[in-house]
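Colleague: okay, sequence plus prediction incoming.
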Amino acid sequence: MRYLLLLIMVLALSGCDHPSAHSHKQQMYVFGTLVEVIIWTEDEAAATEAMSQLSAQFQRQHQQWHPWEAGELHTFNQQLTTGEPAPIPDVIAPLLQRASELSVASGGLFDPSLGQLVKLWGFSDNLVNATQPPDAEQLADFIKQAPHISDLEINNGLAQSHNPLLYLDFGGFAKGYAVDRAIETLRQMGFDNAIVNAGGDLRAIGSKDEWPWRIGIRNPRGEGLIASLQISGDESVFTSGDYERFYDYQGKRYHHIIDPRSGYPAEGFSSVTILHHDAATADAAATALLVAGPEQWREVAKKMGLSQVMVITPRGEISMSPAMVERIRFEVSPEPDVNVVDW
Amino acid sequence: MLRRGDYLVFLATLLLLPWLYFTLWGDQRAGAYAQILVGGDQQALVSLHQPQTIEVEGALGLSILEIVDGKIRFITSACQGKQCIHRGWINLGGEVVSCLPNQVSIAILGGEQRFDAINF
């Protein structure tokens, strides 16, 4: 009996020796933001290898996709401005195709051809490098001849621009696209439980053992969190807000999301939060809906195939789609009133 | 008649009270430490219960951080937009504030980390 008891105790203790899954985190500065990757696994060596592979992948994408720094997109843009047919680089082709589809779906409110306009405002480098808005006349002139992605004619791997102001900048979407590719890489390496968080916009897959991932949503006005939600499976959470990159000039805030119709920063919403399967769609949609504003956001959301959306106005008024209400839990007290819109 | 041992018990109880207060009544989400990173590498790990100002040399220049009452914030930064300063105090486990141009970040560690990631 004594030996049996000893055996049971030894067996129970041996359970403690099994490595258990836990989260491995790494932060990297890339795309002008802080990217955090979390992998839930028991294999520390494999997680370390994955982090280093992802870091290299992000650096490569940053260099290839940057509109103004030497790289494939920059060279391609230079060729397009000549008006002659230019070969589409392999590393740009899938981005261009997806961005064009999303631009059409958004009714042009997300438009990757407006690199020159973004530059005029000083937001072309992910970092704010302007202190005052551009000249009003200069903006008006630009808007009169504003390019659209439809000005780019694509035939047999060649692209030809029919507007000299067209300049590709995937800023409103590249982060999401990169997050999708990172999740793809992680899955290929055998990781099914992870988060890729690019400067607050993220895609989460799987879970932590049986527990869902818990995501907090920052309050667009003030400190702390406004809400939270849980993810288990595969979902992206993207928020666009007027507080992310901006400058104040003569008492007015000018933020980085420019309305292609007016040439000025979009007005009407402080933030738009989207829950969707893929990160590229969520990224472009968050931009498009912030531009769409209170009158048009539902129409644009439906056209882009979204069902889970939350919008917050500068006065703190919150509206949500019915499917989003089911997902959101408020983290502020008292809970704010929510306008649940018809969908 | 109180004995020496009784006084020791009283003393231990008094010393234990603040710990019990913070453990049972304090904000369980509040973190205990701040991890300060420059370019993604840890520069320092500091207690949030030790008021101080910390100077950190980033990619562009100096960032100064302030710790008061278990919270931390940027008070000076070499960047142009000062958005790290606008962000204000942080103290919850898992919260992160970054000065992207200067590549200085603060991540709150410890506490009951209720969230795996923060969307903003």
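Modeller: That came through fine.
Colleague: where does chain B come near chain A, residue by residue?
Modeller: Residues of chain B lying near chain A by C-beta under 8 Å from any C-beta of the partner chain: B:37, B:39-40, B:80-81, B:83, B:86-90, B:92, B:94, B:96, B:98, B:100-101, B:103, B:105, B:107, B:114-120. C-beta coordinates here come from the backbone N, C-alpha and C atoms, glycine included.
Colleague: recalculate using a threshold of 6 Å.
Modeller: Contact residues (C-beta under 6 Å from any C-beta of the partner chain) of chain B with chain A: B:40, B:81, B:88, B:98, B:101, B:103, B:105, B:115-120.
Colleague: and the average pLDDT for the one helix or strand residue A:73 maps to is what?
Modeller: Here residue A:73 sits within helix A:72-80, counting by DSSP states H and E. Averaging pLDDT along helix A:72-80 yields 98.
Colleague: hang on, the earlier thing: and the residues of chain B next to chain A as a markdown table, adding pLDDT?
Modeller: As requested, those are exported to a markdown table (pLDDT from 0 to 100):
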| residue | pLDDT |
| --- | --- |
| B:40 | 74 |
| B:81 | 77 |
| B:88 | 88 |
| B:98 | 86 |
| B:101 | 83 |
| B:103 | 87 |
| B:105 | 91 |
| B:115 | 88 |
| B:116 | 90 |
| B:117 | 89 |
| B:118 | 86 |
| B:119 | 89 |
| B:120 | 85 |
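Colleague: regarding residue A:324, what is its secondary structure?
Modeller: Three-state call for residue A:324 (DSSP: H, G, I helix; E, B strand; the rest coil): helix.
Colleague: that one against residue A:306, yeah?
Modeller: No - the criterion here is C-beta atoms under 6 Å, and residue A:324 misses it with residue A:306 at 9.5 Å.
Colleague: ok, back up a step: how about the helix holding residue A:73 as PDB, C-alpha atoms only?
Modeller: Taking Å, rounded to 0.1, in the frame of the first residue of the first chain, the C-alpha atoms of helix A:72-80 are listed here in PDB:
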ATOM      1  CA  GLU A  72       9.600  48.200 -55.900                       C
ATOM      2  CA  LEU A  73       6.500  50.400 -55.400                       C
ATOM      3  CA  HIS A  74       8.600  53.600 -55.600                       C
ATOM      4  CA  THR A  75      10.200  52.600 -58.900                       C
ATOM      5  CA  PHE A  76       6.800  51.400 -60.200                       C
ATOM      6  CA  ASN A  77       5.200  54.800 -59.300                       C
ATOM      7  CA  GLN A  78       8.000  56.600 -61.100                       C
ATOM      8  CA  GLN A  79       7.400  54.600 -64.200                       C
ATOM      9  CA  LEU A  80       3.600  55.200 -64.000                       C
END
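Colleague: any idea which helix or strand comes after it?
Modeller: Downstream of helix A:72-80 (by DSSP H and E), the next one is strand A:86-87.
Colleague: list the neighbouring strands of that next one plus their orientation.
Modeller: strand A:158-161 (antiparallel) (DSSP bridges).
Colleague: could you dump the partner strand to CSV, C-alpha only?
Modeller: What follows is strand A:158-161, C-alpha atoms only, in CSV (Å, rounded to 0.1, in the frame of the first residue of the first chain):
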residue,chain,number,x,y,z
LEU,A,158,1.4,46.0,-67.7
ALA,A,159,-0.1,49.1,-66.1
GLN,A,160,-0.6,52.4,-67.7
SER,A,161,-1.7,55.6,-65.9
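Colleague: which stretch of helix or strand covers residue A:185?
Modeller: helix A:174-188.
Colleague: go through that helix and flag the buried ones.
Modeller: For helix A:174-188, the neighbour count (16 or more other C-beta atoms under 10 Å in any protein chain shown) marks A:174, A:175, A:176, A:177, A:178, A:179, A:180, A:181, A:182, A:183, A:186 as buried.
Colleague: how near is the third one to chain B?
Modeller: The spacing between residue A:176 and chain B, counted by C-beta to the nearest C-beta, to the nearest Å, is 13 Å.
Colleague: quick check: mean pLDDT of stretch A:205-212?
Modeller: If you average the pLDDT over stretch A:205-212, you get 93.
Colleague: give me the distance between the two termini of that stretch.
Modeller: End-to-end span of stretch A:205-212 (C-alpha to C-alpha, to the nearest Å): 10 Å.
Colleague: stretch A:191-206 now?
Modeller: Start-to-end, stretch A:191-206 (C-alpha to C-alpha) is 9 Å.
Colleague: the closest residue to residue B:62 other than its chain neighbours: neighbouring residues, count only.
Modeller: In space, residue B:62 comes closest to residue B:78 once its chain neighbours are excluded; the distance is 5.6 Å by C-beta to C-beta, 6 or more residues apart in numbering or on different chains. Using other C-beta atoms under 10 Å in any protein chain shown, residue B:78 has 17 other residues around it.
Colleague: which two of the residues of chain B next to chain A lie the greatest distance from each other?
Modeller: Taking C-beta to C-beta as the measure, these span a maximum distance of 27.9 Å, between B:81 and B:116.
Colleague: of the two, who's got more company?
Modeller: Counted by other C-beta under 10 Å, residue B:81 and residue B:116 do not tie: residue B:116 has more neighbours, with 24 against 20.
Colleague: quick one: the strands in chain B?
Modeller: Using DSSP state E, the strands of chain B run over B:33-38, B:41-47, B:52-57, B:62-68, B:71-77, B:96-99, B:104-109, B:117-119.
Colleague: can I get the ones you listed in TSV with mean neighbour count?
Modeller: As requested, the strands of chain B are exported to TSV (neighbours: other C-beta atoms under 10 Å in any protein chain shown):
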stretch	mean neighbour count
strand B:33-38	20
strand B:41-47	13
strand B:52-57	14
strand B:62-68	18
strand B:71-77	20
strand B:96-99	23
strand B:104-109	24
strand B:117-119	22
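Colleague: turn the ones you listed into JSON lines, including distance to residue A:87.
Modeller: Output for those, formatted as JSON lines (distance: least, C-beta to C-beta, whole Å):
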{"stretch": "strand B:33-38", "distance to residue A:87": "41"}
{"stretch": "strand B:41-47", "distance to residue A:87": "40"}
{"stretch": "strand B:52-57", "distance to residue A:87": "45"}
{"stretch": "strand B:62-68", "distance to residue A:87": "44"}
{"stretch": "strand B:71-77", "distance to residue A:87": "43"}
{"stretch": "strand B:96-99", "distance to residue A:87": "38"}
{"stretch": "strand B:104-109", "distance to residue A:87": "40"}
{"stretch": "strand B:117-119", "distance to residue A:87": "38"}
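Colleague: what sits against the residue nearest the centre of chain B?
Modeller: Centroid check for chain B by C-alpha atoms, centre = their mean gives residue B:48 as the closest residue, at 3.5 Å. Residues in contact with residue B:48, defined by C-beta atoms under 6 Å, 6 or more residues apart in numbering or on different chains, are B:34, B:67, B:70.
Colleague: so how far is residue A:195 from the first one?
Modeller: Translated: residue B:34. Look at residue B:34 and residue A:195: by C-beta to C-beta, to the nearest Å, they are 22 Å apart.
Colleague: and if you look at the last one?
Modeller: In this view, residue B:70 and residue A:195 are 27 Å apart by C-beta to C-beta.
Colleague: now residue A:135
Modeller: Going from residue A:135 to residue A:195 by C-beta to C-beta gives 43 Å.
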